[in-house]
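K.L.:
Sequence first, predicted coordinates after that:
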Amino acid sequence: MFLTSKRMIQVVFVCVAMLWLMAQEGLAAVSGACSNCHTMHNSQDGLVLSASGNDTLLVSNCIGCHSCSGSETIVNLGPTRIPIVFNTTGYPTKPLAGGNFYDVAAAGGGIDSHGHNVYGISNPDGDLDHAPLDLWGGGCTNSCHASLAMPKSSMTDTKIDGCKICHQKYKHHGTDIAAGSMETEASGWYRFLGGHDARYGGGIVMPSSYVAGVEDADWEQDPTVGHNSYQGAEMNHNDNVLLQSTHSISAFCTGCHAQAHMDTEDSATGVWLRHPTMIRLPTNGEFAEYDPETDYDADVPVGWLNPTTPTRSDAVVTCLSCHLVHGGQYPDMLRWDYSAMSAGGGESDEGCFKCHSCKDT
Ligand code: HEC
Ligand code: HEC
Ligand code: HEC
Ligand code: HEC
Ligand code: HEC
Ligand code: HEC
């Protein structure tokens, strides 16, 4: 895959933006020196920072600040910590909770099936012309249901880009929430996630379309010291799941991949046509072996009906139990190598076998 000249300019811009940020001494937290992150005239030492300029007079854009040419996944600049989601020179050894976009970028081989293809990082997906398992049709063509990597000119809202489509509630100056407490509107909800906000909703505005949850302080860079607590939900396989009412992480995904949960082909069969999600993880049988309340495995996460008081019986299967969201190193954005999992293949605690503890031997 070749870098288009436009892409090249973007990559150069990303590096310039990072260098500019890094040149700032003791970059303060979001409450710190405005000039660390904002530029009043979009210039520095005669250098034009960006041809198009950034929103709210920022020195960079979403990707510029959240990418890194080294291997760090949290860039510490004085008191400011920038969580990195795109390492431009290699898949990091300590990716954050959402994974990393490296593999879908040209530098990482442009492997479309390893992640969401996002504008500014990769071309549109070569195999998928819309979100798989979406309730496709009805005015969603030429929207974020078709691609998160379309050139801006083809979007209805020319300001839209992949990062903003999923993180519609972004609020970098939001309030800090006490450890272990649920995120709020004032803090930008869970990781700024939501859909159909007034800013980027494509004409449909749903203020209650946000994701709830409890955030881990280091974005799970080191899951042994703490982990995210996702908002789960318990839903029947026939039900369309609404983000506005459940605020669950899975309902966020089904906003674009509804059929990953619903049995739309034949809702009368009464059986799951897809792998169950938004059901409780049974406490008996082969599932008894995995107790995420006392021994959580961040490689096989679960959601909770009440994230502030995680209780074994309230643990639920979520889309993120098997998938990463930004990108990973395996097809279908899976957290682990599915092709390496064989029934009767010998004792294993990984992937499918974490929950299906008796299918390995
Ligand atoms: C660590 C980076 C950082 C620092 C430091 C920072 N900002 Fe921001 N600011 C952002 C980002 C990112 C956005 C845009 C995205 C958003 O609103 O979440 C933003 C948005 C804004 C906005 C528009 C949105 C809003 O919340 O009103 C204003 C106004 C603003 N900043 C003012 C300031 C001022 C004044 C200072 C210094 C006291 C400052 N910022 C320091 C990162 C920063
Ligand atoms: C000027 C640099 C800068 C820009 C531009 C910027 N961010 Fe950030 N972002 C930061 C920093 C610094 C943090 C870490 C704040 C903290 O410590 O919680 C952050 C945090 C985040 C988080 C994690 C929030 C959480 O709850 O931990 C998300 C998601 C995010 N940014 C998305 C975006 C998106 C989407 C955009 C574009 C609209 C964007 N950022 C633009 C600097 C930036
Ligand atoms: C398909 C939706 C989607 C897209 C596109 C997306 N994100 Fe995210 N992002 C998420 C979700 C979901 C999480 C929470 C992951 C978790 O907690 O497991 C997240 C988490 C984050 C975090 C916190 C670190 C982490 O890994 O948990 C940052 C920072 C962030 N995103 C920035 C970005 C930026 C910058 C872009 C564009 C390059 C982007 N995101 C594109 C859905 C998305
Ligand atoms: C705003 C719409 C949107 C949201 C929200 C969204 N996706 Fe996607 N997803 C897409 C689109 C568009 C594609 C197809 C193009 C691509 O891969 O980027 C896709 C592709 C995928 C694929 C196939 C990857 C491949 O390239 O083969 C998986 C798996 C996936 N998404 C899982 C998720 C999960 C899990 C979540 C929630 C954490 C989620 N998605 C949230 C739009 C979305
Ligand atoms: C138990 C693990 C598991 C859970 C939970 C799970 N998936 Fe998947 N998903 C997979 C596997 C494995 C594949 C690879 C294809 C296959 O085996 O069907 C896949 C494939 C996909 C694809 C690509 C399908 C295609 O046609 O290319 C999408 C999109 C997707 N999943 C979205 C979701 C969403 C959204 C949820 C939550 C509602 C979810 N998944 C829950 C394991 C899971
Ligand atoms: C987070 C835990 C978890 C993970 C990881 C997981 N499963 Fe499941 N799986 C479940 C639960 C819970 C059920 C429903 C069991 C029940 O209700 O009896 C289930 C059911 C199933 C079923 C039967 C579906 C039906 O309709 O009866 C199959 C087949 C299956 N899983 C395969 C897989 C495969 C293959 C993987 C790895 C890609 C996987 N599972 C990963 C929790 C998990």
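P.N.:
Yep, that arrived. Residues are numbered from 1 along each chain as shown. Ligands and ions are numbered 1, 2, ... in the order given.
K.L.:
So which bits of the stretch 201-350 of the chain are right by ligand 3?
P.N.:
Neighbours of ligand 3 within the stretch 201-350 of the chain, by Cβ under 6 Å from any ligand atom: Trp219, Asn228, Leu320, Val325, His326. All C-beta spots, glycine's among them, are computed from the backbone N, C-alpha and C.
K.L.:
Quick check: the second one vs Pro307, distance?
P.N.:
Counting by Cβ to Cβ, to the nearest Å, the gap between Asn228 and Pro307 amounts to 9 Å.
K.L.:
any shared contact partners between the two?
P.N.:
Contact criterion Cβ atoms under 8 Å, 6 or more residues apart in numbering; residues shared by Asn228 and Pro307: Gly213, Val214.
K.L.:
ok now do the residue nearest the centre of the chain, which residues does it touch?
P.N.:
The chain has Val325 as the residue nearest its centroid, 4.2 Å off, counting by Cα atoms, centre = their mean. Contacts here follow Cβ under 8 Å, 6+ apart; on that basis Val325 touches Gly98, Gly99, His116, Cys166, Cys253, Met333.
K.L.:
rerun at 7 Å
P.N.:
Listed by Cβ atoms under 7 Å, 6 or more residues apart in numbering, the contact set of Val325 reads Gly98, Gly99.
K.L.:
Just among the residues of the stretch 201-350 of the chain next to ligand 3, which is most surrounded?
P.N.:
Ranked by neighbour count (other Cβ atoms under 10 Å), these have His326 at the top, with 26 neighbours.
K.L.:
Just give the number of residues close to Thr89.
P.N.:
12.
K.L.:
in the protein, which spans are helices?
P.N.:
In the chain, the helices defined using DSSP state H lie at 5-23, 62-65, 162-166, 243-246, 249-254, 352-355.
K.L.:
Just the CA atoms of the third one, as CSV, please.
P.N.:
What it means is helix 162-166. Provided in CSV are the C-alpha atoms of helix 162-166 (Å, rounded to 0.1, in the frame of the first residue of the first chain):
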residue,chain,number,x,y,z
GLY,A,162,-13.3,8.4,13.0
CYS,A,163,-12.1,9.4,16.4
LYS,A,164,-14.9,11.9,16.9
ILE,A,165,-17.6,9.5,15.7
CYS,A,166,-17.1,7.1,18.5
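K.L.:
Just confirm yes or no for that helix near ligand 5.
P.N.:
No - judged by Cβ under 6 Å from any ligand atom, helix 162-166 and ligand 5 are separated, with a smallest distance of 12.8 Å.
K.L.:
Is that helix positioned near ligand 1?
P.N.:
No - Helix 162-166 stays clear of ligand 1 (Cβ under 6 Å from any ligand atom), getting no nearer than 9.5 Å.
K.L.:
Please work out which residues outside that helix touch it.
P.N.:
Against helix 162-166 from outside (Cβ under 7 Å, 6+ apart): Cys62, Ile63, His116, Val118, Tyr119, Cys144, Leu148, Ala149, Tyr170, Leu193, Tyr200.
K.L.:
what ranges do the strands span in the stretch 51-200 of the chain?
P.N.:
67-68, 74-77, 80-83, 86-87 (DSSP state E, counting those that start in this stretch).
K.L.:
I meant the stretch 251-361 of the chain, not that one.
P.N.:
303-304, 315-316.
K.L.:
What's the mean pLDDT across the last one?
P.N.:
Computed over strand 315-316, the mean pLDDT rounds to 98.
K.L.:
Spit out the contact partners of Ala107.
P.N.:
Taking Cβ under 7 Å, 6+ apart, one finds Thr88, Thr89 in contact with Ala107.
K.L.:
distance of Glu72 from ligand 5?
P.N.:
In this view, Glu72 and ligand 5 are 30 Å apart by Cβ to the nearest ligand atom, to the nearest Å.
K.L.:
Next, the buried residues of stretch 88-100.
P.N.:
Buried residues in stretch 88-100, counted by 16 or more other Cβ atoms under 10 Å: Thr88, Tyr91, Pro92, Pro95, Leu96, Ala97, Gly98, Gly99, Asn100.
K.L.:
follow-up on the earlier one: of all the strands of the stretch 51-200 of the chain, which one is nearest ligand 5?
P.N.:
Ligand 5 lies closest to strand 86-87 among those, at 21.0 Å (Cβ to the nearest ligand atom).
K.L.:
separation between the residue nearest to the centre of the chain and Gly285?
P.N.:
For Val325, the distance to Gly285 - Cβ to Cβ - is 29 Å.
K.L.:
where in this protein is pLDDT low?
P.N.:
Applying pLDDT under 70 to the chain flags residues 1-32, 49-53, 136-139, 151-160, 201-202, 263-271.
K.L.:
ok, the closest residue to ligand 1 within the stretch 201-350 of the chain - contacts?
P.N.:
As assessed by Cβ to the nearest ligand atom, ligand 1 sits closest to Tyr210 within the stretch 201-350 of the chain, at 14.4 Å. For Tyr210, the contacting residues are Lys169, Trp189, Leu193, Gly194, His247, by Cβ under 7 Å, 6+ apart.
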